[in-house]
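1. show me the folded form of this:
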Amino acid sequence: MNRGGMKSTIRDFEGAYNDLILAVQFNSTNLDAYSNLFAACDEVGKEEEAFRYSFKILALEPDHIPALVNLGFKYQNKEEHEKAIEYFDKAAKINKNEPLVFSNRSFSKLKIGDLESAKKDIEKSLKLIPSNSYAYKIRALIAIEQGKTKEAC
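-> Have a look, this model is predicted:
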């Protein structure tokens, strides 16, 4: 697993993927190996396989916030915002102070037109981590969608 992680660091994603496959074959309950494998799959174009590893993590530990957020983000990237929100909601119930859950959920809420709820989520995210530049971008997008261009600027 460590070798796979190091290969990812030097951008040898194919090597990382191969090492991480061996790691999960050696220990099929290692959540870190599955998390790293999830990331490596993205880099080597194995998107559907990445989903499978996140589901494996959740089968082992249903409250694993990184896996829930990763799944939400994957569905968000597929423009499946309702499905993404389901996973962000699960993560938010487990940890009510995880800023990335709220910024990601805000974006999906924006995309489905739930602007008031999106605004609440983004404000909570910014309160928790004011340095998140992505959250400021989402807040501006919400303002633009509300016709508040000046506020967006």
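2. next helix or strand past whichever strand or helix holds Cys41?
-> Assigned by DSSP states H and E, Cys41 belongs to helix 31-43. Where DSSP H and E defines the elements, the next helix or strand beyond helix 31-43 is helix 47-60.
3. and the helix or strand following that next one, C-alpha only, in CSV?
-> Later in the chain than helix 47-60, the nearest helix or strand by DSSP H and E is helix 65-77. Presented in CSV, the C-alpha positions along helix 65-77 are these (Å, rounded to 0.1, in the frame of the first residue of the first chain):
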residue,chain,number,x,y,z
ILE,A,65,-17.1,10.1,5.5
PRO,A,66,-14.3,10.2,2.8
ALA,A,67,-16.0,7.4,0.9
LEU,A,68,-19.4,9.1,1.2
VAL,A,69,-17.9,12.4,0.0
ASN,A,70,-16.0,10.7,-2.8
LEU,A,71,-19.2,9.0,-4.1
GLY,A,72,-21.1,12.3,-3.9
PHE,A,73,-18.3,14.0,-5.8
LYS,A,74,-18.3,11.2,-8.5
TYR,A,75,-22.1,11.6,-9.0
GLN,A,76,-21.7,15.3,-9.1
ASN,A,77,-19.1,15.0,-11.9
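4. by how many degrees do helix 65-77 and helix 31-43 diverge?
-> 20 degrees (axes from the mean of the first three to the mean of the last three C-alpha atoms, to 10 degrees).
5. send me the lowest-mean-pLDDT helix or strand in the chain as PDB with only the CA atoms.
-> Lowest on mean pLDDT, DSSP states H and E among the helices and strands of the chain sits helix 2-9, with a mean of 82. Once non-C-alpha atoms are left out, helix 2-9 reads as follows in PDB (Å, rounded to 0.1, in the frame of the first residue of the first chain):
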ATOM      1  CA  ASN A   2       2.800   2.400   0.900                       C
ATOM      2  CA  ARG A   3       4.600   1.800  -2.400                       C
ATOM      3  CA  GLY A   4       1.300   2.400  -4.300                       C
ATOM      4  CA  GLY A   5       0.900   5.700  -2.400                       C
ATOM      5  CA  MET A   6       4.400   6.800  -3.200                       C
ATOM      6  CA  LYS A   7       3.900   5.900  -6.900                       C
ATOM      7  CA  SER A   8       0.900   8.200  -6.900                       C
ATOM      8  CA  THR A   9       3.000  10.900  -5.400                       C
END
